[in-house]
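Q: Quick one, structure for this:
(chains A and B)
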Amino acid sequence: MIYKKLVLLLLLVPLAFAGWESLAAVAIVTSAIMLGVLYAVGMGFGVNELQLMAKEELFQLIALMIMMVVLVGANGLLNSLSSNQAFGGSLQDSAKSIITDTKAQVTDVFDLITIYDRQSSIEASKATQCNILGMGYSVSACGGFSMLATPLSMAGGIAGFAIGELAAMDRLIEISKVYALTFLLPFGIVLRTFKVSRGAGGFIIALAISMHLLLPIGVIFNEMMSATFLTDPAAAEYNKPPIATIPECNAADTKPPPFAGSNINSENIATLLEGSNEDRALGAYLGLRTDIRSYLAIMLIKATLGPVIALLLMMVGLRTLTSLAGAEVDVTALSRFV
Amino acid sequence: MESVMCGDGFSTFFNSTVMPFTIYAGIITATIIAISFMIGRFLSNPKLTLWAKTELLQLFVSLGTVFVLTTMVSMVCNVSISEIADIFEVPNPGGGNVYDAAYQYLHDAALYSHNAITVTRYHLEAYTILSYFNAFICDYPIGRIGLGCFFGYSGDNQQPFGGYGAQIAALNMAFNSSIIAHFTALNFFFILQYAYNGFAFLFLPLGVFLRAMPYMRSFGSLLISLAVAFLLVYPLILGIFYIMSDKLLDADNDYAPSGIDMGKYSETIFASEEDAGSQLSASTLGEDYVKDTYLPSGTNDVPGALEFAAVAFIAAVFFPTIAMLATIASISYIARLYGDEIDLSRITQLV
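A: So this is what the prediction gives:
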């Protein structure tokens, strides 16, 4: 009699849900019926292993039902957490807004680097010639500018990498915003119902939660840290406007540098920029070297460290939640992408 | 389009190759077990007879697995990806069954990463060509004409586009990343096709046979677990990523991020050798004319190309790897069904 009531109760379960919940409920009912059959076969043939397995799976089914109840209950909680006023909208929107701003700043830096690079290379490539009736001379006095090409090329590579990193983060957050809670999480729960797909289900559940919460939290956390740091008086050096300029080079001017020696420092940049070709190249170099500090906050803290922290937070969450959800998988393969 | 997995070709392959092999494996295994049982009775060796009884049960378990798996494959063949999208109330991408959706996702990921390669390569080639462009600016210029060159050769030699090292460095990195993404997508695509047409099904008869052999139970279980996971879990996870194609692969924007029009990245814009008019124009009209020839309006978007390479990496490397990890996570669970604990940490590290 008690079994009949249980079966009736199980068949009524789907009616209590709608949408994906009904699919999950059908999966639970199907799983329960299969377990019942398995237990009956085990009991009928006296196979203890089958009975034990059915019991173990029943515990998993109960765990799953609890997870579903928690999810349905926690959905509102997660949403309220995501859309807390403290974040100025939803968690994901705030993170996306931070990433969009940072991406715009990094793109500006990248554009500036390309302008410097182009100007310095044009100056470095200059050579003058004078040739009349087969006689003449050729002078290239702008070689000093060629030293700027390699660091500027490397700076372009770093800025380009930062743009790519931010774009990837933006895409991940966009996907998590649209699909994590509405699709991946319930799908993971349904997959977790069956033993064959339990590992995958647990992994997808962990992925959905860590993508939805931990990824944007990492971005916001880093933004708060960098904002606090940049308002500190000790960070004044990192807030200065850039001063570097690439002066024009006269390819025919072979005068020796008058400022060689102790006067070559960032205090004398303006004077150096008015000097000989070599002085001008040094002035450009010193200006660019001084400016590095102005870009560090954006390039290093916001564009590089921020995404790395967010992704590591997501990976740690993925690892922990995967193990909590009962799946055993080594996520170091994903961590290597960071 | 004919289904990649559930069409007539698959039925022929399954009925003429996999099923006979499985039946042969079952018969050979049953014969070995029967002979062992008889020898055990003949020698009055209870260990051998007990082993034969145990293995007979395991043989039924293995054959039962094959039956259940084929039933489940047939069932998945009938599950439309659109129905799954409708159940979860997410945008419906259309398409066939789960197997077709998995195939389509990796196909589209390869296309998407290839588009990223095209856009990045276009910029890379344009800037490389520009950076090697030389100009001689004659002294005493009047417009583009220099009086310094009237009676000789007097002026400045320079590379007006020499300074694209920063762009080229960034684009090189993006180009490498796009190639890795494309190769990874093709790699996963190959694994999927191989699973559909080869190894997963041939693991079944091998697994049935090996599970009943002494010291080979774990290996046999691993083979069957691999077959089950790669035929059910791997396509299913890729199938759900196909549902996410709108955001993941920009399917609604011709498989390119918004702001990038693939139609503009034709390979034919570069001046041809026969096009003497263009070369004359380039030499007399100045640098901007040359730059506009190589990078006309709407195509000079280096940050856009860098972003494209990054999102292609997410679609073609990150998510297929997640599908593979989810599959591996399931393998250990499936192996436990057969009473075996398999340490997959080494296999995971190969991903």
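Q: tell me the secondary structure for the closest residue to residue B:235 other than its chain neighbours?
A: Spatial nearest neighbour of residue B:235, excluding adjacent residues (CB to CB, 6 or more residues apart in numbering or on different chains): residue B:102 at 3.8 Å. Where you see a C-beta, it was placed from the backbone N, CA and C, and this is true even at glycine. Of the three states, residue B:102 takes helix under DSSP: H, G, I helix; E, B strand; the rest coil.
Q: Quick check: residue B:102 vs chain A, distance?
A: For residue B:102, the distance to chain A equals 13 Å [CB to the nearest CB, to the nearest Å].
Q: now residue B:126
A: The gap separating residue B:126 from chain A is 14 Å, by CB to the nearest CB.
Q: What is the burial count for that residue?
A: By the criterion of other CB atoms under 10 Å in any protein chain shown, residue B:126 has 23 neighbours.
Q: Could you list the low-pLDDT ranges of chain A?
A: Where chain A drops to pLDDT under 70, the residues are A:1-24, A:27, A:68, A:71-89, A:133-134, A:256-264, A:266, A:332-338.
Q: Sketch out the strands for it, chain order is fine.
A: Ranges of strands in chain A, per DSSP state E, are A:127-132, A:135-139.
Q: Out of those, the one nearest residue B:191 is which?
A: Nearest of those to residue B:191, taken as CB to CB: strand A:127-132 at 55.7 Å.
Q: Pull the distance from that closest one to the chain's centre.
A: For strand A:127-132, the separation from the chain centroid amounts to 53 Å (computed by CA atoms, centre = their mean, to the nearest Å).
Q: ok, back up a step: burial count for the residue nearest to residue B:235?
A: Residues lying near residue B:102 (other CB under 10 Å) number 28.
Q: residue contacts, it?
A: Neighbouring residues of residue B:102 by CB atoms under 8 Å, 6 or more residues apart in numbering or on different chains: B:192, B:234, B:235, B:236, B:237, B:238, B:239, B:242.
Q: ranking the strands of chain A by burial, who's on top?
A: Using mean count of other CB atoms under 10 Å in any protein chain shown, the stretch among the strands of chain A with the largest mean neighbour count is strand A:127-132, at a mean of 18.
Q: which SS class is the most centrally placed residue in chain B?
A: Closest to where the C-alpha atoms of chain B average out (CA atoms, centre = their mean) is residue B:185, at 2.0 Å. Under three-state DSSP, the three-state class of residue B:185 is helix.
Q: tell me the secondary structure for residue B:208?
A: helix.
Q: How much space separates residue A:111 from residue B:172?
A: Distance, residue A:111 to residue B:172, by CB to CB, to the nearest Å: 18 Å.
Q: neighbour-wise, which of those two wins?
A: Legend: neighbour count by other CB under 10 Å for residue A:111 and residue B:172, higher for residue B:172 (17 against 14).
Q: wait, isn't that one in contact with residue B:127?
A: No - between residue B:172 and residue B:127 there is no contact, the gap being 10.1 Å when judged by CB atoms under 8 Å.
Q: ok, now which ones touch whichever residue of the stretch 201-350 of chain B sits closest to chain A?
A: Going by CB to the nearest CB, chain A is nearest to residue B:329 of the stretch 201-350 of chain B, at 3.2 Å. Taking CB under 8 Å, 6+ apart, we find residue B:329 in contact with A:199, A:200, A:202, A:203, A:322, A:327, A:328, A:329.
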